[in-house]
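In: Next input, structure requested:
(one chain, ligands or ions: 1)
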Amino acid sequence: MSDLSYLSSARYGKDAVRVFRVVREGPTHTIVEYNVKVLLEGDIDVSYTEAENRVVVATDSMKNITYYLAKVSPHILIPERFALHLGTHIVSKYAHIHKAFVDIEQLRWSRISVGKDGKPHPHSFLRDGDEKKVVKVEVDATAGKDGIQARVSAGLSDLLVLKSTGSSFTSFIRDEYTLLKEVDDRIFSTSIDLTYTFASISIPPPKDEVDIPCLCLFDMADEYSENTTLHSFTTLAEHFEQATLYKMAQQIITDNAGIQSVTYALPNKHYIPVDMSYIGVDNMTPAKAEVFQPVAAPSGLITATVSRK
Ligand SMILES: O=c1[nH]c(=O)c2[nH]c(=O)[nH]c2[nH]1
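Out: Residues are numbered from 1 along each chain as shown. Below is the predicted model:
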């Protein structure tokens, strides 16, 4: 058996660690809710190949470290920084762990505005959307604990958008498999997944568990990327998904010197006009199409990565 196979890669950790943190500044509270995934690589092969657990940091301990740092980290409110802190803490603490992969999904909680003047309430919040901020961090201590490198990407997922005109789909290949009619006006809806990747950074070794340098590079990009994405989506004259995606990605690279590449995944949420010709009603010519059947599956899926030259 051992002649035929070997362990070619191994990574383990804790998934779906749910963390909620409140930060109190007098009566004003700020909150974050994260789903955290922590995976580790290192000299851990024997736990797989020789049933040797002496190299294993329990996944339960990874969960506990996540909660401990959620309590003490000064970076808890910025998921990119918190993920870097968590990954750096783990690779610094355990000599045989060389890489940490930390993914954070941030759920939306927005402050509720109340009264005639729309005053932000100090401690009441609203889940005002299903979209999530997503962060992926790879902390790499392979070159030693004094030479830690990190790669950070961030973005958003499940941002559902729709345009009721301004989209068409024409001039595509027509052959024996083609049923789709060309349309010069259609509904265009997609659930945007966006990832943008920063240039890799060096992290000085932390002095203690609450110390990690301020990495301000990341703070602006997420608000910005959602605004840019929505702005591009509403204003771009491109009529089909591939061209819309490319322009949206180019805009982010143009506006953010720190971003090296941008990946979008855009499922095409089809809205099919209901054929009412059987009762003499025209709902099929694009200008007359008003009643649509939203179709969840199958959906088109258009993806691409656009990189800085
Ligand atoms: O914007 C689109 N791109 C496609 O590649 C495609 N294919 C399809 O059937 N509809 C669409 N729409």
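
In: Give me the helices and strands touching the helix or strand of the chain with the lowest mean pLDDT, please.
Out: Least confident helix or strand, the chain: helix 221-235 with a mean of 79, by mean pLDDT, DSSP states H and E. Helix 221-235 is packed against strand 148-163, strand 188-198, helix 241-255, with contacts defined by 3 or more CB pairs under 8 Å, 6 or more residues apart in numbering; DSSP states H and E. Just so you know, the C-beta spots here come from the backbone N, C-alpha and C atoms, and that holds for glycine as well.

In: deepest of the ones you listed, which one?
Out: For those, the largest average neighbour count (mean count of other CB atoms under 10 Å) is found in strand 188-198, namely a mean of 22.

In: what's the spacing between stretch 145-161 and its chain's center?
Out: 8 Å (CA atoms, centre = their mean, to the nearest Å).

In: related to what we said a few turns ago, then the least confident helix or strand of the chain to PDB, C-alphas only?
Out: Taking C-alpha atoms only, helix 221-235 is exported to PDB below (Å, rounded to 0.1, in the frame of the first residue of the first chain):
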ATOM      1  CA  ALA A 221     -11.100  49.200  -0.200                       C
ATOM      2  CA  ASP A 222     -14.300  47.400   0.800                       C
ATOM      3  CA  GLU A 223     -16.700  50.400   1.000                       C
ATOM      4  CA  TYR A 224     -15.000  51.600  -2.100                       C
ATOM      5  CA  SER A 225     -15.300  48.300  -4.000                       C
ATOM      6  CA  GLU A 226     -19.100  48.000  -3.300                       C
ATOM      7  CA  ASN A 227     -19.700  51.500  -4.400                       C
ATOM      8  CA  THR A 228     -17.600  51.200  -7.500                       C
ATOM      9  CA  THR A 229     -19.200  47.900  -8.300                       C
ATOM     10  CA  LEU A 230     -22.700  49.300  -7.900                       C
ATOM     11  CA  HIS A 231     -21.800  52.500  -9.800                       C
ATOM     12  CA  SER A 232     -20.300  50.600 -12.700                       C
ATOM     13  CA  PHE A 233     -23.200  48.200 -12.800                       C
ATOM     14  CA  THR A 234     -25.800  51.000 -13.000                       C
ATOM     15  CA  THR A 235     -23.900  53.300 -15.400                       C
END
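
In: Now do the contacts for the residue nearest to the spatial centre of the chain.
Out: Closest to where the C-alpha atoms of the chain average out (CA atoms, centre = their mean) is residue 134, at 2.9 Å. Residues counted as contacts of residue 134 (CB atoms under 8 Å, 6 or more residues apart in numbering) are 103, 104, 105, 106, 154, 155, 156, 157, 195.

In: thinking again about what came up before, what comes into contact with the least confident helix or strand of the chain?
Out: 131, 133, 154-156, 159, 161, 163, 192, 194, 196, 244, 247-248, 251-252, 255-256, 258-259.

In: quick one, helices of this structure?
Out: Counting by DSSP state H, the chain has helices at residues 45-49, 59-72, 79-93, 221-235, 241-255.

In: need the least confident one among those helices, by mean pLDDT.
Out: When the helices of the chain are ranked by mean pLDDT, helix 221-235 comes last with a mean of 79.

In: and it with strand 188-198, angle?
Out: 150 degrees (axes from the mean of the first three to the mean of the last three CA atoms, to 10 degrees).

In: ok, which of the contacts of residue 134 also contact the ligand?
Out: Among the contacts of residue 134, no residue lies close to the ligand (CB under 6 Å from any ligand atom).

In: one step back: point out the most buried one among the helices of the chain.
Out: Greatest average neighbour count among those goes to helix 79-93 (a mean of 25), per mean count of other CB under 10 Å.

In: and the angle from it to strand 148-163?
Out: Angle, helix 79-93 to strand 148-163, by the same axes, to 10 degrees: 150 degrees.

In: Helix 79-93 vs helix 59-72, what angle?
Out: Using the same axes, to 10 degrees, helix 79-93 lies at 120 degrees relative to helix 59-72.

In: In this structure, where is pLDDT below threshold?
Out: Under the criterion pLDDT under 70, the flagged ranges of the chain are 1-2, 207-224.

In: Show me it divided up by domain.
Out: Listed by automatic domain parsing, the domain ranges of the chain are 8-142, 159-309.
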